[in-house]
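# Have a look; sequence and predicted model below, questions after that.
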Amino acid sequence: MPTTTLDPIDHFATTAPTFGGRLQAARNAKGLTIARLGEKLGVEAAKIEIWENDADTPRANRIPMLAGLLNVSIIWLMTGESNGTTHIAETHARPTIINDTLGEIAQLKTTLLDAHAKLESLEQRLQAES
């Protein structure tokens, strides 16, 4: 079987078949240590290691936060499908503060979308009662 040199984006598509593998690959591409990702996410580094080793998976509410912090799509992080790593190559050219801020914006968007969905649900429940 011939060997080929893979660029970083191909690396993600072909050698990270599990959630933990994709998480580790995206974290490495972003240039984050396990400790730094844990700090940004608000979990212990040991928890990140457990996820990367596929010994457990994060809670559902952590997935969008991870995707935002790592600049990958949620679908890619969960399934490996779609092109979730298109922004990885450009993150190395940007200052860390910009990448960090973009990750925080993605987290905030997720929080706001969740709050919006909750508000709609409450509104519908109140309307049904009246």
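Right, received. Where do you want to start? Numbers count the residues shown, from 1 in each chain.
# Spatially central residue in this protein, please.
Per CA atoms, centre = their mean, the C-alpha nearest to the average position across the chain is that of Ala67, at 1.7 Å.
# how about the nearest residue to that residue, chain neighbours excluded?
Ile74 (4.5 Å; CB to CB, 6 or more residues apart in numbering). (Each C-beta comes from the backbone N, C-alpha and C, glycine too.)
# roughly how far apart are that neighbour and Leu119?
Per CB to CB, to the nearest Å, Ile74 is found 22 Å from Leu119.
# Compare those two and say which is more crowded by neighbours.
Under the criterion of other CB atoms under 10 Å, the comparison of Ile74 against Leu119 puts Ile74 first, with 17 against 10.
# From Thr111, how far off is the more buried one?
Taking CB to CB as the measure, Ile74 and Thr111 are separated by 14 Å.
# Likewise for Glu49?
Summarising the geometry, the distance separating Glu49 from Thr111, computed by CB to CB, is 26 Å.
# Beyond the strand or helix carrying Leu69, next helix or strand please.
Here Leu69, judged by DSSP states H and E, is contained in helix 62-70. Sequence-wise, the next helix or strand beyond helix 62-70 is helix 74-79, with elements assigned using DSSP H and E.
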